[in-house]
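> Okay, sequence plus prediction incoming.
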Amino acid sequence: MNLPNALTLSRLAAIPLLMVLLIVPFEGHDQIAAVLFVAFSFTDTLDGQIARRRGTVSNLGKFLDPLADKLFVLSVLIVLVQEGLVAAWVVVVIFSRELLITILRSVGASQGHVVAAAPMGKTKTAMQMAAVVLLILQRPYPQLVPFAQLAVGVAIIFTIGSGVDYLWRFRHVVWPAAGETRRAGGAPGSLPPTPAPGAGRGESPVDPLARELGGLLVTGRLTLSVAESCTGGLLASLVTDQPGSSAYFLGGVVAYADDVKHAELGVPAALLTRHGAVSREVALAMAEGVRSRFETTLAASITGIAGPDAEGSKPVGLTYIAVATPRGTSCNEYMFSGDRWSNRRQAAGQALRLLIEAARANAGKLAS
């Protein structure tokens, strides 16, 4: 038990108190309930921020936080239905969406996928909580009735929208066969299928992009190095799956911690402090740092938030990929969708594509 988990549990503990305040009439009971609802709602923001800042993110917290959010809002809404302050269909819509996402997470877990919180889901929660506050206060303050109705409508829109957003982001969980078809078909950036028994036992399957990149590097007599954070060496693994990659791949650095980015890649501490590890500026510095360290023609860097948790205002899937060449260094921003493994795989695949473009451009320059 730590402070973030205690804050999460406080929302569950507040449910009986809020129910009593809403049901038992006495002077100011609705106002007190509204104030307490707002106060305990803020713990939803605090617990995650504290856990990430202190490095105390736990499996218990990941389980409790969404559960507490759902029970906290739904319990109060059920009482408001009983008190005649909101239509029952509103609760049905909200409950149906929460049940759908819970089933999605369960199915994902059974497949080894993590269905991470999406940015729209957090907005949905904020809209629901704002609507609940206005629904509580409309009883002592009738002039708030139209505002409460408007807030409920907005909350319903975000509730349905976030549910559709989850289904789209994690469609590979709902339709796993589609994902298998993409992998089996050798889609760019996907990992190739496991070979059939007895076929190709002497070597690993090679990503088509890695094979194409290897050919370009050999032809152009180019060398490559990589710096990886969120992908944890996946890009280097894809590159070195290609037989003969030692002719062009000199090495890489997996720099997860900021101290390693600074010490091993020369990323200025000021950049890390000002922009954060997941930023365009740091990705550029990582690519230039690893290219300088290994003295290669080309270098690529990847830094991002693979999931399952966002980092402050930076959402899951946000990724920066930089490529350093003799012509200069460029960086692209991406917003990948999926679970942690899917985001990492997409990042590595996109890095291969960018390196192929760089290899073509620089091979042509060296040949001219």
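Sure thing, it's come through. Every value quoted in this text rests on a predicted model; they were computed, and no experiment measured them.

> C-alpha from now on. contacts and neighbour counts both.
OK.

> and G251, that's in a strand?
Yes. Assigned with DSSP: H, G, I helix; E, B strand; the rest coil, G251 falls within a strand.

> isn't it right up against G233?
No. Using CA atoms under 8 Å, G251 is not in contact with G233; the gap is 10.6 Å.

> Show me how the record splits this structure into domains.
Structural domains annotated on the chain: 3-178, 205-367, as defined by automatic domain parsing.

> among these, which gets the worst mean confidence?
Out of the domains of the chain, domain 3-178 stands lowest, with a mean of 84 (criterion: mean pLDDT).

> Would you mind listing the outside residues contacting the one helix or strand L17 maps to?
Assigned by DSSP states H and E, L17 belongs to helix 3-23. If you take CA atoms under 8 Å, 6 or more residues apart in numbering as the criterion, helix 3-23 is touched by 29-30, 32-33, 36-37, 40-41, 43-44, 46-48, 50-51, 56, 60-61, 64-65, 68-69, 71-72, 75-76, 79-80, 83.

> and if you look at stretch 353-364?
Contacts for stretch 353-364 (CA under 8 Å, 6+ apart): 189, 209, 212-213, 216-217, 219-222, 298, 300, 323, 325-327.

> Mind checking which of those residues land in helices?
Among the contacts of stretch 353-364, the members falling in helices (DSSP state H) are 209, 212-213, 216-217, 219-220.

> Narrow the contacts of helix 3-23 to just the buried residues.
29-30, 33, 36-37, 40-41, 43-44, 47-48, 50-51, 56, 61, 65, 68-69, 72, 75-76, 79-80 (16 or more other CA atoms under 10 Å).

> biggest helix in the protein by residues?
The chain, longest helix under DSSP H: helix 340-367.

> quick one: buried residues of that helix?
Buried residues in helix 340-367 (16+ other CA under 10 Å): 340-356, 358-359, 362-363.

> Next, the angle helix 208-220 makes with it.
20 degrees (axes from the mean of the first three to the mean of the last three CA atoms, to 10 degrees).

> so D165, which of the three states?
Going by three-state DSSP: D165 is helix.

> can you tell me how far it sits from G338?
11 Å (CA to CA, to the nearest Å).

> now swap in P326 and tell me
34 Å.

> more crowded one of the two?
G338 (26 against 13; other CA atoms under 10 Å).

> just checking, the more buried one touches R169?
Yes. Between G338 and R169 there is a contact at 5.5 Å, judged by CA under 8 Å.

> show me where the stretch 201-350 of the chain has helices.
Secondary structure of the stretch 201-350 of the chain (DSSP state H, counting those that start in this stretch): helices located at 208-220, 234-240, 258-265, 269-275, 280-294, 340-367.

> before we move on, the earlier item: most packed of the domains of the chain?
domain 205-367 (a mean of 21; mean count of other CA atoms under 10 Å).

> distance between it and the chain's centre?
19 Å (CA atoms, centre = their mean, to the nearest Å).

> now swap in stretch 35-51 and tell me
21 Å.

> got a list of contacts for that stretch?
3-5, 7-8, 10-11, 14, 18, 56-57, 65, 69, 129, 133, 312.

> swap in stretch 79-99?
By CA under 8 Å, 6+ apart, stretch 79-99 touches 19, 22-23, 70, 74, 77-78, 135-136, 139, 156, 159-160, 163.

> Mark which of these are part of strands, please.
Among the contacts of stretch 79-99, no member is found in strands (DSSP state E).

> Of the residues you listed, which is the nearest to G244?
Nearest to G244 out of these is G163 (CA to CA; 47.0 Å).

> pretty sure that closest one contacts T102?
No. With contact defined as CA under 8 Å, G163 does not reach T102; the gap is 10.8 Å.

> backbone phi and psi for the residue minimising distance to the centre of the chain, please?
For the chain, V316 is the residue whose C-alpha lies nearest the centre (CA atoms, centre = their mean; 1.6 Å). When quoted as degrees, to the nearest 10, the phi and psi of V316 stand at phi -60, psi 140.

> Against W168, how distant is it?
Applying CA to CA to V316 and W168 gives a distance of 15 Å.

> same check, this time on S41
Taken as CA to CA, the span from S41 to W168 is 28 Å.

> again, but for L67
In terms of CA to CA, L67 sits 22 Å off from W168.

> before we move on, what about T231?
In terms of CA to CA, T231 sits 23 Å off from W168.

> swap in V253?
For V253 relative to W168 (CA to CA), the value is 34 Å.

> just the CA coordinates of the helix or strand that R97 is a member of, formatted as CSV?
Following DSSP H and E, one finds R97 within helix 88-110. Once non-C-alpha atoms are left out, helix 88-110 reads as follows in CSV (Å, rounded to 0.1, in the frame of the first residue of the first chain):
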residue,chain,number,x,y,z
ALA,A,88,-32.3,6.1,-16.0
TRP,A,89,-31.2,5.7,-19.6
VAL,A,90,-28.2,7.9,-18.9
VAL,A,91,-26.9,5.4,-16.4
VAL,A,92,-27.6,2.6,-18.8
VAL,A,93,-25.5,4.2,-21.5
ILE,A,94,-22.6,4.9,-19.2
PHE,A,95,-22.7,1.5,-17.6
SER,A,96,-22.9,-0.2,-21.0
ARG,A,97,-19.8,1.6,-22.2
GLU,A,98,-17.9,0.7,-19.0
LEU,A,99,-18.9,-2.9,-19.3
LEU,A,100,-17.8,-3.0,-22.9
ILE,A,101,-14.3,-1.6,-22.0
THR,A,102,-14.0,-4.0,-19.1
ILE,A,103,-14.8,-6.9,-21.4
LEU,A,104,-12.3,-5.5,-23.9
ARG,A,105,-9.6,-5.4,-21.3
SER,A,106,-10.3,-8.9,-20.1
VAL,A,107,-10.1,-10.3,-23.7
GLY,A,108,-6.9,-8.3,-24.2
ALA,A,109,-5.4,-9.7,-21.1
SER,A,110,-6.2,-13.2,-22.2
